[in-house]
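Chemist: Here is my input, please return the structure:
(chains A and B)
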Amino acid sequence: MSGRLELLVGLLGAALLVLLAWSVPWLRFVLTIALAKGITVLGILLLLRAGQVSFGHAMYVAIAAYAVAFVAPWMPEALLLLPMAALVSAGVGLVIGLFVMRYREIFFGMLNLALSMVFYSLLEKLYTITHGTDGIRLPVPRIAGAELTGASYEWAIFALALVLAIGFAVLVRVYLAAPLGQALAGIKTREARLEFMGVPARYVLLVAYVFSALMAGSGGTIIALTSRHVTPALAYWTASGELVFIAILGGAGSVLGAFLGAVVYELTRVYAAANLADAWQMILGVVLLLVILFAPGGLVGIARGLLLRRRTA
Amino acid sequence: MAWLSENGLLLGLAVLDGLASAAAIFLVAVGLNLVFGVLRILNVAHGSLYAIGAYTAASFTLFLTARGWPGWLSFPALVLAAALVGIILGPLIERLLLKRVEGQEPVLQLLVTFALFMILEDVQKLIWGVQPVANEEPMRLLGTVDVPFGADVIPFTAYQLFVLPGIALLTLLGLAWFMRRTLTGRVIVAVTTDREAATSQGIDAAKVTMLTFAFGAALAALGGALASPTTSMVPGVGASTIVLSFAVVATAGLGQIEGAAIAALMIGLGRSIAVYLEPELEVVVPYLIMVLVLLVRPQGLFGILETRRI
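Modeler: Down below sits the predicted model:
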């Protein structure tokens, strides 16, 4: 897909989301969460580009969400909370990244998994600080100094998520086209050759890792501001698996796919949970299997296939 | 020393507890390791097989007691449950799912097992419900034993003292013998080391893969079945088991059998000692051990460094 076409499709998609959120009020919440997850999945895409799967990125979502929960009572301003929490996530990402950069593939995935489980356990067990599985409720923060309530607050957060989503999507496109992003693919194919060329592979991957932590932090902030209730479940390993799931569902490697995947995932989940409370996980699992077995290119791959067929016909 | 005499009893209890839990973790982890060896996939659904083994064992015991059959039958029922899970689910999963993504990107293969995990989690809820399920018969039958500890004695259930570690030890010895001395075992090792070279020697790699997967699944189910009398099963037990056995496998190094036993002991003991000293840290200990080990030895305690491809 050419850049201009992708931009057009992206803007159309954004308009469609606004229309959906406006015509079906309860979808506003679902779509805001979907956008937040889409932003997080952009980070997963960067790591997938380098052939690495993190089964622990929900930790960065949770770090930012808890940072918001702790700071919000002292600084109830969403526009300040957002960069604060995202930077906290990125900072932790830098420290952990320096350590996990030494590992690849399965060990990389498992170390991320292990660290996220340590964080999850601490959130659950340190009751005096985190209130355990009960989680923490957030006050309604101001947005740009304005005290909003009800629907107008929801709209404001939705708009914030949409702006962030578009901003990060463009940024990721630019990043992937730049040498630093192009080198990621080299890590996947043959890292040693990359280093023979004088490209420091660990540094390349570290930049992507910290960037992905930053985006997960932004997603986590939006989730905290929307649901206004943070629990340790945000950091559980199944939440991390869900992020990789969305990346594959949408179509690995595609920026639009991250958001398409996130929206389809959230809608399927809400619909299945409402109608088949005991089997929603099973339905999602079957969807994932069908995508992997019959459409490994994800939803974007299906769309591209349809488009190409029309052009050749 | 004063601390030891005060807390010695607790420590002794912690060690006994740790041995029992290490036994169950070892069975699951060694199965995961075997499957990884031939398929090069970390099976996320491995924990679900553990849970299904545990639930099936509980159902068998329930069936036995409802019929009024002798209670000792619940012991062979544990093994039967594990074998059934391995024989039925193992080949089904391998042939219908994993075989179809053979040669695809590792991410996709990993996600296939994640999808399977999601499906099996709900299947458990649909079959066994969300209320805790218990399997008390085997533990009750054997009663407790007084373990001498210095001047004191610790009463401990005979099941956790003898049956669990005993079967784990038998499995360890049997597996080590099987892999090194029998033809089938050596064929599995050959496929693990170099699939292509093994195939060129006339080994049916596809058949070996299916067999090994079924065997690994049975080991996971055996771990679950044997652990079922010691705790009650609730939804989510599979999800926590799999991350624990990941930790054991990573600590030991991929593909190690004896190493997995040592890592399981370290993690099992570390966890149970933490329960008595700092209960908050119990869940964190396995991962801390793993992270510390990987910090010093990135390939795990006993793992072999792979040569770098140029």
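
Chemist: use CA for all of it now, contacts and neighbours both
Modeler: Noted.

Chemist: buried set for whichever strand or helix holds residue B:11?
Modeler: Here residue B:11 sits within helix B:2-39, counting by DSSP states H and E. Within helix B:2-39, the residues that qualify as buried by neighbour count (16 or more other C-alpha atoms under 10 Å in any protein chain shown) are B:8-39.

Chemist: close to chain A, is that helix?
Modeler: No: judged by C-alpha under 8 Å from any C-alpha of the partner chain, helix B:2-39 and chain A are separated, with a smallest distance of 10.7 Å.

Chemist: now the helices for chain B?
Modeler: B:2-39, B:46-67, B:74-96, B:106-128, B:137-142, B:158, B:164-181, B:183-193, B:195-200, B:205-227, B:237-252, B:258-277, B:285-296 (DSSP state H).

Chemist: would you turn these into TSV with distance to residue A:207?
Modeler: Shown next, in TSV, are the helices of chain B (distance: least, C-alpha to C-alpha, whole Å):
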stretch	distance to residue A:207
helix B:2-39	31
helix B:46-67	33
helix B:74-96	38
helix B:106-128	21
helix B:137-142	54
helix B:158	55
helix B:164-181	44
helix B:183-193	35
helix B:195-200	36
helix B:205-227	38
helix B:237-252	26
helix B:258-277	33
helix B:285-296	21
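
Chemist: Does residue A:44 touch residue A:245 like I think?
Modeler: No: assessed by C-alpha atoms under 8 Å, residue A:44 is found out of contact with residue A:245, at 10.1 Å.

Chemist: Could you check which of those two is surrounded by more residues?
Modeler: Per other C-alpha atoms under 10 Å in any protein chain shown, whichever of residue A:44 and residue A:245 has more neighbours is residue A:44, with 31 against 26.

Chemist: count of residues packed around residue A:219?
Modeler: Neighbour number of residue A:219 under other C-alpha under 10 Å is 34.

Chemist: next one: residue A:293
Modeler: Quick note: residue A:293 (other C-alpha under 10 Å) scores 14 neighbours.

Chemist: Now do it, the pLDDT please.
Modeler: Looking at residue A:293, its pLDDT stands at 87.

Chemist: With the one 10 residues further on instead?
Modeler: At residue A:303, the model reports a pLDDT of 82.

Chemist: which residue is nearest the centroid of chain A?
Modeler: The centre of chain A sits closest to residue A:40, judged by C-alpha atoms, centre = their mean, with a distance of 1.5 Å.

Chemist: Spell out which helix or strand contains the nearest residue to that one once chain neighbours are set aside, please.
Modeler: Distances taken as C-alpha to C-alpha, 6 or more residues apart in numbering or on different chains place residue A:216 nearest to residue A:40, at 4.2 Å, with adjacent residues excluded. Element membership of residue A:216, judged by DSSP H and E, is helix A:201-227.

Chemist: Write out the residues of the stretch 1-150 of chain A neighbouring chain B.
Modeler: Within reach of chain B by C-alpha under 8 Å from any C-alpha, the stretch 1-150 of chain A has these residues: A:51, A:53, A:102-103, A:106-107, A:110-111, A:113-115, A:117-118, A:121-122, A:125-126.

Chemist: For residue 220, which residues are in contact?
Modeler: Answering for chain A, as no chain was given. Residues counted as contacts of residue A:220 (C-alpha atoms under 8 Å, 6 or more residues apart in numbering or on different chains) are A:36, A:40, A:60, A:61, A:62, A:63, A:64, A:65.

Chemist: Correction: the question concerned chain B.
Modeler: By C-alpha under 8 Å, 6+ apart, residue B:220 lies in contact with B:27, B:28, B:29, B:31, B:32, B:46, B:47, B:49, B:50, B:53, B:82.

Chemist: for chain A, what are the nearby residues on the stretch 101-250 of chain B?
Modeler: Within the stretch 101-250 of chain B, the positions near chain A by C-alpha under 8 Å from any C-alpha are B:101, B:107-108, B:111-112, B:114-123, B:125-126, B:243, B:246-247, B:250.

Chemist: Can I get the buried ones among the residues you listed as something I can paste into PyMOL?
Modeler: The command below creates a PyMOL selection of those among those that count as buried (16+ other C-alpha under 10 Å):
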select buried, chain B and resi 101+107+108+111+112+114+115+116+117+118+119+120+121+122+123+125+243+246+247+250
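
Chemist: Point out where chain B drops to low pLDDT.
Modeler: For chain B, the stretches flagged by pLDDT under 70 are B:1-7, B:150-151, B:306-310.

Chemist: Now tell me which helix or strand of chain A has the poorest mean pLDDT.
Modeler: Every helix and strand of chain A was ranked by mean pLDDT, DSSP states H and E. The lowest is helix A:298-312, at a mean of 78.

Chemist: Now do the buried residues in that one.
Modeler: Within helix A:298-312, judged by 16+ other C-alpha under 10 Å, the buried ones are A:298, A:299, A:300, A:301, A:302.

Chemist: now that we have the contacts of residue A:220, which one has the most neighbours?
Modeler: residue A:65 (34 neighbours).

Chemist: which element follows the helix or strand encompassing that one toward the C-terminus?
Modeler: Assigned by DSSP H and E, residue A:65 belongs to helix A:58-71. Downstream of helix A:58-71, the first helix or strand assigned by DSSP H and E is helix A:78-100.

Chemist: can you list the residues that contact that following helix?
Modeler: Defining contact as C-alpha under 8 Å, 6+ apart, one finds that helix A:78-100 is touched by A:60-61, A:63-65, A:67-68, A:71-72, A:75, A:108, A:111-112, A:141-144, A:206, A:209-218, A:221-222, A:225.

Chemist: what distance separates it from the centre of its chain?
Modeler: Chain-centre distance of helix A:78-100: 14 Å, with C-alpha atoms, centre = their mean, to the nearest Å.

Chemist: Same check on stretch A:191-205?
Modeler: 27 Å.

Chemist: Burial check on residue A:213, number of neighbours?
Modeler: By other C-alpha under 10 Å, the residues close to residue A:213 number 32.

Chemist: swap in residue B:274?
Modeler: 19.

Chemist: now swap in the one 5 residues further on and tell me
Modeler: By other C-alpha under 10 Å, 14 other residues sit near residue B:279.

Chemist: Let me know the closest of the buried residues of helix A:298-312 to chain B.
Modeler: Among these, residue A:298 lies closest to chain B (C-alpha to the nearest C-alpha), at 11.1 Å.

Chemist: what about the residue nearest to that closest one when sequence neighbours are not counted, distance to chain B?
Modeler: With C-alpha to C-alpha, 6+ apart as the criterion, residue A:298 has its nearest non-adjacent residue at 3.9 Å, and that residue is residue A:251. Computed as C-alpha to the nearest C-alpha, to the nearest Å, the residue A:251 to chain B distance reads 11 Å.

Chemist: ok, now residue A:28?
Modeler: 27 Å.

Chemist: That residue and residue A:19 touch, don't they?
Modeler: No: between residue A:28 and residue A:19 there is no contact under C-alpha under 8 Å: 10.0 Å.
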